[in-house]
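S.K.: I need the structure of the sequence given here:
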Amino acid sequence: MTQMRKYLLAAAAVLVMAGVAQADSEPYVAEIQTYPFNFCPKGWLPTDGRLMAINQNTALFSLLGTTYGGDGVTNFRLPNRTRVKTLNNGGVKVKECIAIYGIFPSRP
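M.R.: The predicted model follows:
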């Protein structure tokens, strides 16, 4: 095995481990992720433009506000990104979801 091949395999292993650590970590509130299945995991909702109650989702509202709609007094809307997306020339359908719980992002 050449030295370059060993280096590339080691780098790939580090990237895979970084991906696993990222997948297990808590998301940021309002983070949008694409998933390769037809549902959103626990703590996530589809980006389908649904109305959300402000009093039950204050952290999410403080980040999104009425950017995507709602009256800003009792409700607000999630982003609407429901167009069907596919990967690999239409072979795999994916779903975009937004985190409704998680770490509140801080400013630098």
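S.K.: Nearest spatial neighbour of Gly102, chain-adjacent residues omitted?
M.R.: Take Gly102 and drop its neighbours on the chain: the residue closest to it by CB to CB, 6 or more residues apart in numbering is Pro27, 4.2 Å away. For every residue, glycine as well, the C-beta is placed using N, CA and C.
S.K.: quick check: longest strand of the protein.
M.R.: Across the chain, the longest stretch assigned as strand under DSSP state E is strand 92-99.
S.K.: What helices and strands are in contact with it?
M.R.: strand 32-35, strand 44-46, strand 85-87 (3 or more CB pairs under 8 Å, 6 or more residues apart in numbering; DSSP states H and E).
S.K.: One more pass at 6 Å, please.
M.R.: strand 32-35, strand 44-46 (3 or more CB pairs under 6 Å, 6 or more residues apart in numbering; DSSP states H and E).
S.K.: thinking again about what came up before, how many neighbouring residues does the residue nearest to Gly102 have?
M.R.: As a burial measure, Pro27 scores 20 neighbours (other CB atoms under 10 Å).
S.K.: Asn75 now?
M.R.: Asn75 has 18 neighbouring residues, counting by other CB under 10 Å.
S.K.: among the helices and strands packed on strand 92-99, which is the most enclosed?
M.R.: strand 44-46 (a mean of 18; mean count of other CB atoms under 10 Å).
S.K.: Other residues contacting the longest strand of the chain?
M.R.: 27, 29, 31-36, 40, 44-47, 78, 81, 85-86 (CB atoms under 6 Å, 6 or more residues apart in numbering).
S.K.: C-alpha coordinates for that strand, CSV please?
M.R.: In CSV, the C-alpha atoms belonging to strand 92-99 read as follows (Å, rounded to 0.1, in the frame of the first residue of the first chain):
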residue,chain,number,x,y,z
VAL,A,92,-34.0,8.7,-4.1
LYS,A,93,-36.5,11.2,-2.7
VAL,A,94,-35.4,13.3,0.2
LYS,A,95,-37.2,15.4,2.8
GLU,A,96,-36.2,18.7,4.3
CYS,A,97,-36.9,19.2,8.0
ILE,A,98,-36.4,22.1,10.4
ALA,A,99,-35.2,21.6,14.0
